[in-house]
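J.: with the sequence up front, the predicted model follows.
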Protein chains: 2
Amino acid sequence: MSKENKSRYALLGALSYAPMSGYDLKKFMEGSTSNFWNESYAQIYPMLKQLTNEGLTVSHTERQEGRPERHVYALTDKGWEELRRWLAEPAERQVERNELLLKLFFGTRVSVATNIEHIQRYRGLVAGSLQQFEGIEATIKTQYAENPELPYWLITLSYGKHISQALLNWCDETINILQKQQEAEKAGTPS
Amino acid sequence: MSKENKSRYALLGALSYAPMSGYDLKKFMEGSTSNFWNESYAQIYPMLKQLTNEGLTVSHTERQEGRPERHVYALTDKGWEELRRWLAEPAERQVERNELLLKLFFGTRVSVATNIEHIQRYRGLVAGSLQQFEGIEATIKTQYAENPELPYWLITLSYGKHISQALLNWCDETINILQKQQEAEKAGTPS
DNA sequence: CGTGTCATGTAATCAGTTACATGATTCA
DNA sequence: TGAATCATGTAACTGATTACATGACACG
């Protein structure tokens, strides 16, 4: 119940696309889910062993000339079952920490200019993400036009676009507010 | 450099409002920053000791009749300095995990109806948050009208409102897309 | 000749949650 | 009588990152 390790499901899910090695899994996530899910090798390799112990995956070894061996993992029927069970369960909503907001909450302790800089820098990052999302969208729409997974990929991208656009608006509004405050301060804060 | 423990700064920041005990700090965060920052007692109490060892805070004990003692912590000059140093530094952008998107990324493994349910449930949660934000906004705008911190509090609330609204739009759009897909499936997926 | 990729993994550390332990008072 | 609040803390555990270790090949 309650607390389940979610790395398991990220791996099971990825393996439902195709059998993969730990190395492949990392690359796969970097190229697809990295904006909302990532795992490090230090999580992947031990977890793959555990999944195999639990009978959710099976592995076989591919020998290659002049390269290290590949340990390729594939879902078992039990693995598919466990993946589907998790997918049918409602997602938990996590309260995520936001360092920028924490700083702004203590905004009066530093100059208005400092706070504006933080937000401007953040705006740049978000604008970059948005562009990235739009690039990916255009690419996969043509490249995977016939792929039945496409609609779901687009849904996750759309999430990113909506959030990014909202953040850009918030940045602009907020910078505006703070700039007005800055001018008022310069003018000499009349009682 | 690089990796600094941020709980420190959450506590230093909170103590910049007023001297507080560990218990107070928890309540303070619950009532103000809980939507973007929270700490548990198990983090707060040891951290307060550490901050005192480092000379960033000082503590004194208040004895009370029929109640446990209160250990009240206050910022030292060095503590203020450290807080300001951190506030002037740019915030790190963390890649946050999103379980809902992870499930949707594997959406084809379950029925369209299941995915729609997830999003509908999520929509309800977001709508609740948005309402909560609007309630708090109205309250503090009148209750703290003259407080110089108010603009920054409103900025963090505005962030929440922008995000929530964007999420509602995404939910509606996405539910729509999936419902159309569902109808197409029922109609018998013509080639 | 150095960097990057392929490929596996472990050890140490740090961060964070949950459970445990205590005990008086107040309120319904 | 039982739950909630006040108030402090520790221990055990889980989760996640960083650093370490190895070694061949390809590319510029």
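T.: Nice, I can see it.
J.: do the longest helix anywhere in chain A and chain B meet?
T.: Longest helix in chain A, counting residues (DSSP state H): helix A:150-186. Yes: under the criterion of CB under 8 Å from any CB of the partner chain, chain B is reached by helix A:150-186 at A:151-153, A:155-156, A:158-159, A:162-163, A:165-167, A:169-170, A:173-174, A:177-178, A:181. The C-beta positions use only the backbone N, C-alpha and C, and glycine is treated the same way.
J.: what's the closest non-adjacent residue to A:Phe106?
T.: The shortest distance from A:Phe106 to any non-neighbouring residue, by CB to CB, 6 or more residues apart in numbering or on different chains, is to B:Gly13 (4.2 Å).
J.: I should have written A:Tyr17 there, sorry.
T.: A:Phe28 (7.3 Å).
J.: quick one: the one you found and A:Ala14 touch, right?
T.: Yes: taking CB atoms under 8 Å as the definition, A:Phe28 is a contact partner of A:Ala14 at 5.3 Å.
J.: and the strand or helix carrying A:Lys141, what does it pack against?
T.: In this structure, A:Lys141 sits in helix A:112-143 according to DSSP states H and E. Helices and strands touching helix A:112-143, by 3 or more CB pairs under 8 Å, 6 or more residues apart in numbering or on different chains; DSSP states H and E, are helix A:99-105, helix A:150-186.
J.: next, the angle from the longest helix of chain A to helix B:112-143.
T.: Relative orientation of helix A:150-186 and helix B:112-143, computed by axes from the mean of the first three to the mean of the last three CA atoms, to 10 degrees: 10 degrees.
J.: buried set for helix A:150-186?
T.: A:151-168, A:170-171, A:174-175, A:177-178, A:181 (16 or more other CB atoms under 10 Å in any protein chain shown).
J.: let me see the contact set for the most centrally placed residue in chain A.
T.: Central residue of chain A (CA atoms, centre = their mean): A:Phe36, 1.5 Å from the mean position. Neighbouring residues of A:Phe36 by CB atoms under 8 Å, 6 or more residues apart in numbering or on different chains: A:156, A:159-160, B:95-98, B:101-102, B:105.
J.: apply 7 Å and report the result again.
T.: By CB atoms under 7 Å, 6 or more residues apart in numbering or on different chains, the residues touching A:Phe36 are A:156, B:97-98, B:101-102.
J.: ok, A:Met29 next?
T.: Contacts of A:Met29 (CB under 7 Å, 6+ apart): A:14, A:37-39.
J.: can I take it that it is in a helix?
T.: Yes: assessed by DSSP: H, G, I helix; E, B strand; the rest coil, A:Met29 belongs to a helix.
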